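Student: Just to be clear, the model below is a prediction. Sequence and coordinates:
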Amino acid sequence: MDYAINHVHIRAKDPKASASWYEKIFNAKIVSEREVMPGTITIGMQVGGPTRLNISSQPPNSSPDRAVPELNRLGLEHFGFHVEDLESEMARFESEGIRVVLPLTVTPQGIKLAYIEGPDDVIIELVQAAP
């Protein structure tokens, strides 16, 4: 059997604010908003490809512990977006006041990448393919 990633799921203190950030920064589109588990809201978003981005509130009585937004941590460290022009995207992110975790870096293979911090302590990799 072949598998494909269905979605990336983020828990947010304020899912609507987080969804607005992904709309503004990555042109994401809200495709659904519903209660999935009692007492929560889940906003489903399309961001280019077939993998959906889901942003949910925490269920009542959940832990207040937050993730640490740094590279090289165990567990789900980050997810990534393909970009066409990483230099111009980084200038745009910096003008928006978005924290840069790792500045634009070029791999030995010519791939350009960088990491930024999104809402909810999420690390996002940006990847531009080699020429």
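Tutor: Nice, I can see it. Source: prediction; values computed, not measured.

Student: Show me the shaky parts of this structure.
Tutor: Under the criterion pLDDT under 70, the flagged ranges of the chain are 74.

Student: quick one: the helices in it?
Tutor: Listed in chain order, the helices of the chain (DSSP state H) span 15-26, 86-95.

Student: Tabulate the ones you listed (JSON lines), appending mean neighbour count.
Tutor: Where C-beta positions appear, they are placed from N, C-alpha and C, glycine not excepted. Compiled in JSON lines, the helices of the chain are given as follows (neighbours: other Cβ atoms under 10 Å):
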{"stretch": "helix 15-26", "mean neighbour count": "18"}
{"stretch": "helix 86-95", "mean neighbour count": "15"}
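
Student: can I get those in JSON lines with distance to Val122?
Tutor: Listed next are the helices of the chain as JSON lines, based on distance: least, Cβ to Cβ, whole Å:
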{"stretch": "helix 15-26", "distance to Val122": "9"}
{"stretch": "helix 86-95", "distance to Val122": "14"}
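
Student: among these, which is nearest Tyr3?
Tutor: helix 15-26 (24.6 Å; Cβ to Cβ).

Student: elements contacting that closest one?
Tutor: When contacts are defined as 3 or more Cβ pairs under 8 Å, 6 or more residues apart in numbering; DSSP states H and E, helix 15-26 packs onto strand 29-34, strand 42-46, strand 52-56, strand 112-118.

Student: In TSV, list those strands along with distance to Glu87 and mean neighbour count.
Tutor: Converted to TSV, the helices and strands packed on helix 15-26 look like this (distance: least, Cβ to Cβ, whole Å; neighbours: other Cβ atoms under 10 Å):
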stretch	distance to Glu87	mean neighbour count
strand 29-34	26	12
strand 42-46	26	19
strand 52-56	25	21
strand 112-118	8	20
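
Student: what would the ones you listed look like in CSV with distance to Ala17?
Tutor: Shown next, in CSV, are the helices and strands packed on helix 15-26 (distance: least, Cβ to Cβ, whole Å):
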stretch, distance to Ala17
strand 29-34, 13
strand 42-46, 10
strand 52-56, 9
strand 112-118, 12
